[in-house]
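Asks: here's my sequence, what's the structure:
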Amino acid sequence: MKIFRSLPRLALAGAAIFAGLSAVSMSSSGASPETMTTMHAGRVIFPTVARARALHAAGGVRTASSTALFAHGGTDGIEVTTGTPKVYLVFYGSQWGTESTNAAGYATFSGDPSGLAPRVQALLAGIGTNNELWSGVMTQYCDGVALGTTVCPSSSVHVGYPTGGALAGVWYDNAVASPNQATGHQLAAEAVAAAGHFGNLTAASNRSAQYVIVSPTGTHPDGFGPTGNFCAYHDYNGDTTLTGGAAASSYGDIAFTNLPYVTDLGASCGSNYVNAGAAGSLDGVTIVEGHEYAETLTDQNAGGGWLASNGFENGDLCAWVGTGGSGGAQNVAFATGSFAMQATWSNAVRGCAIAGPIVTGQAPGNDFSLSASPASGSVVQGSSATTTLSTATLSGSAQSVALSVTGLPAGANATFTPATVTSGGSSSLVVSTSASTPVGSYSLSITGSATSGTHTASYTLQVTAPVVPGTFSLVASPAAGKVSLGRSISTTIKTATLTGSAQTVKLTVSGLPSGVSASFSPSSLTSGASSTLKLSVSSRSRAGTYTLTVNGTGTSANASTTYQLTD
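Replies: Predicted coordinates for the structure are as follows:
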């Protein structure tokens with residue numbers, strides 16, 4: 001049995017509940033071990049209703065008295081979403097069809113038969129409105145506390161409340177068709193592309209962001225479908241066990257959700273779970289996305305946030321457990337409508353809760369970030385390289401940041417414009433080298449100093465030697481010859497590389513008198529090789545002595561030689 005990667009640091013008392021369930025596992029990768037976890041294509045995911053019920057019957061949920069989520073120390077220093085949560089929706093692939101806008105201002109698509117797109121937009125636009133307390137349950141969890149913490153101290157930074165709505169942007173990426181079976185890597189790469197599209201170009205701007213990749217009907221992202229036994233999952237781009245591998249990001253860690261076209265599976269993924277008839281046809285859409293949204297808030301880089309000892313996240317412990325009461329799925333009223341939502345786990349009540357008080361905790365002190373883009377550059381001795389240093393206010397108020405650099409090679413100097421910025425601003429760094437700067441690779445450390453402390457960014461400078469243009473020589477041997485009319489004569493054209501590297505040389509000849517033709521074998525050669533020049537003299541040629549010029553045209557130089565022909 002695989003063990004969730006962060007759990008070996010603590011006792012795994014709850015892991016035994018999975019003994020003998022061959023299809024059940026906890027991920028060693030950091031991928032989210034979604035509700036009553038079921039393995040699919042090597043990933044741990046949010047199962048269908050039927051699969052979850054089977055796992056419930058097998059004892060897959062621990063009792064409230066023995067269950068609690070606890071802090072797992074973070075992945076890349078990230079445990080929960082701090083600041084105001086922002087959700088960016090990406091409708092992935094041209095299969096969504098023609099885009100329009102409805103009366104509420106939501107994007108609609110001709111290739112969206114169930115109306116999933118406007119429904120999920122309305123949900124996310126509504127979360128954090130109407131004084132709703134469904135989001136309050138998540139705010140009890142916090143960031144930066146000791147491993148094993150179950151109750152956050154008042155001084156900690158808590159999950160943010162999405163006042164005014166969580167929806168931050170919508171992108172219809174119809175440049176290409178969505179793959180029929182997109183890999184986890186492709187979904188993560190699409191999330192990284194979305195960060196770029198929305199202008200979230202730094203780790204700081206993505207610290208409170210999550211990207212929901214919504215695939216069109218009929219597709220099977222990462223194995224979704226009738227045999228996949230799952231409805232959705234969330235993860236982050238750096239998970240090395242994503243199908244296809246991790247996806248590179250220049251914008252920091254990117255949290256994303258794989259949200260398939262869940263209505264393709266009907267009741268298996270929650271249609272009519274709360275509401276009967278047409279009113280409940282999209283219940284699964286809001287339950288599934290609400291589940292993934294809540295889990296991303298409390299376990300942003302999946303595996304490093306708040307989880308129970310059996311690997312379940314806050315949504316896992318409460319999914320598909322029934323309806324009504326304080327802990328079952330039910331309708332929640334937002335300013336944008338009423339939506340079927342599942343409850344999430346509350347340590348405060350040791351059970352599933354559909355609502356909870358908003359906990360704000362202590363606001364973080366002033367802090368900022370510093371990054372260099374590009375993070376490397378190559379220059380020839382005597383020239384310069386430029387990079388842009390970007391700062392952002394991570395918390396608290398903006399502050400003055402003084403910039404400096406260490407690690408410069410001999411003969412090089414650095415200029416910042418400006419040398420001091422207010423966090424949130426940027427500066428241009430020009431590194432100038434001299435002819436005496438040694439060739440090599442240098443790691444520069446750029447430091448930003450402010451009253452709250454310092455942060456550094458790295459820049460790699462590659463110094464290379466100037467490229468010396470290659471030259472070559474051209475010699476005819478012999479340099480003269482006599483031939484009778486109606487006959488031919490040959491000479492060897494020799495080349496040699498004088499400086500630099502060998503180069504391709506094309507041969508031509510000029511000065512030919514009437515009745516004389518020339519051919520080279522070969523007509524193109526590499527400097528250092530030889531060619532044969534054949535001169536054919538017709539019987540009608542006028543007798544005399546002629547000086548012919550043989551020209552060599554190289555890639556970086558030219559050369560010539562002469563040949564004296566007497567006929």
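
Asks: pLDDT wise, what is Val162 at?
Replies: Not quite, residue 162 is Pro, not Val. What the model reports for Pro162 is a pLDDT of 93.

Asks: helix, strand or coil for it?
Replies: coil (DSSP: H, G, I helix; E, B strand; the rest coil).

Asks: quick one: it from Thr84, how far?
Replies: 6 Å (Cβ to Cβ, to the nearest Å). In short, each C-beta sits where N, CA and C put it, glycine included.

Asks: with Pro216 instead?
Replies: Separation of Pro216 from Thr84 (Cβ to Cβ): 30 Å.

Asks: the two - which one has more neighbours?
Replies: The residue with more neighbours, out of Pro216 and Thr84, is Pro216; 23 against 14, by other Cβ atoms under 10 Å.

Asks: now do the contacts for that one.
Replies: Phe91, Tyr92, Gly93, Gln95, Trp96, Gly111, Asp112, Ser178, Tyr261 (Cβ atoms under 8 Å, 6 or more residues apart in numbering).

Asks: go again with 6 Å.
Replies: Gly93, Gln95, Trp96, Gly111, Ser178 (Cβ atoms under 6 Å, 6 or more residues apart in numbering).

Asks: name the nearest residue to the first one, sequence neighbours excluded.
Replies: Read it as Gly93. Ser178 (2.5 Å; Cβ to Cβ, 6 or more residues apart in numbering).

Asks: thought the one you found was touching Ser215?
Replies: Yes - between Ser178 and Ser215 there is a contact at 5.4 Å, judged by Cβ atoms under 6 Å.

Asks: is the residue nearest to Gly93 in a helix, a strand, or coil?
Replies: Assigned with three-state DSSP, Ser178 falls in the coil class.

Asks: quick one: contacts for it?
Replies: Under the criterion of Cβ under 6 Å, 6+ apart, the neighbours of Ser178 are Tyr92, Gly93, Gln95, Ser215, Pro216, Thr219.

Asks: quick check, Gly165 in a helix?
Replies: No - counting by three-state DSSP, Gly165 is not found in a helix; it is coil.

Asks: hang on, it packs against Asn130?
Replies: No - in this structure, Gly165 is not within contact of Asn130 by Cβ under 6 Å, at 10.2 Å.

Asks: neighbour count winner among those two?
Replies: In this view Gly165 and Asn130 are compared by other Cβ under 10 Å, and Gly165 has more residues nearby, 20 against 14.

Asks: about what we covered before: and for Ser178 and Ser215, which residues touch both?
Replies: Counting by Cβ under 6 Å, 6+ apart, the shared contacts of Ser178 and Ser215 are Tyr92.

Asks: might you list the low-confidence residue ranges for the chain?
Replies: 1-47, 51-66, 361-365 (pLDDT under 70).

Asks: rewinding a little: how about the contacts of Pro216, which pair is most distant?
Replies: Gly111 and Ser178 (10.5 Å; Cβ to Cβ).

Asks: who touches both of these two?
Replies: Here Gly111 and Ser178 have Gln95, Pro216 as joint contacts, going by Cβ under 6 Å, 6+ apart.

Asks: any idea how far the residue nearest to Gly93 is from Ala189?
Replies: 12 Å.

Asks: what does Gly305 give?
Replies: Gly305 is 23 Å from Ala189, by Cβ to Cβ.

Asks: the more surrounded of the two?
Replies: More crowded of Gly305 and Ala189, by other Cβ under 10 Å: Gly305, with 30 against 22.

Asks: I'd say the more buried one and Thr298 touch.
Replies: Yes - Gly305 is within contact range of Thr298, at 5.4 Å (criterion: Cβ under 6 Å).

Asks: distance of Trp345 from Phe312?
Replies: For Trp345, the distance to Phe312 equals 8 Å [Cβ to Cβ].

Asks: in this structure, where's the longest helix?
Replies: helix 283-298 (DSSP state H).

Asks: tell me what that helix is packed against?
Replies: Helices and strands touching helix 283-298, by 3 or more Cβ pairs under 6 Å, 6 or more residues apart in numbering; DSSP states H and E, are helix 116-126, strand 230-236, strand 255-259, strand 337-341.

Asks: residues in contact with the first one?
Replies: In this case it means helix 116-126. Here helix 116-126 makes contact (Cβ under 6 Å, 6+ apart) with 87, 102, 106, 108-109, 165-167, 263, 282, 285-286, 289, 334-337, 339.

Asks: and the helices in the protein?
Replies: Under DSSP H, the chain gives helices at 49-57, 116-126, 184-197, 283-298.

Asks: okay, buried residues for the last one please.
Replies: By neighbour count, with 16 or more other Cβ atoms under 10 Å as the criterion, the buried positions of helix 283-298 are 283-298.

Asks: Thr391 - nearest residue in space that isn't next to it in sequence?
Replies: The shortest distance from Thr391 to any non-neighbouring residue, by Cβ to Cβ, 6+ apart, is to Ser423 (4.7 Å).

Asks: burial count for that neighbour?
Replies: Residues near Ser423, counting by other Cβ under 10 Å: 24.

Asks: between the contacts of Ser178, which sits nearest Ser560?
Replies: Nearest member of the contacts of Ser178 to Ser560, counting by Cβ to Cβ, is Gly93, at 60.8 Å.

Asks: please list all residues in contact with that closest one.
Replies: By Cβ under 6 Å, 6+ apart, the contact set of Gly93 is Ala177, Ser178, Pro216.

Asks: so can I have a markdown table of these showing distance to Ile78?
Replies: Below are the contacts of Gly93 laid out as a markdown table (distance: Cβ to Cβ, whole Å):
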| residue | distance to Ile78 |
| --- | --- |
| Ala177 | 33 |
| Ser178 | 28 |
| Pro216 | 30 |
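
Asks: from those residues, pick the one nearest Ser521.
Replies: Nearest member of the contacts of Gly93 to Ser521, counting by Cβ to Cβ, is Ala177, at 53.8 Å.
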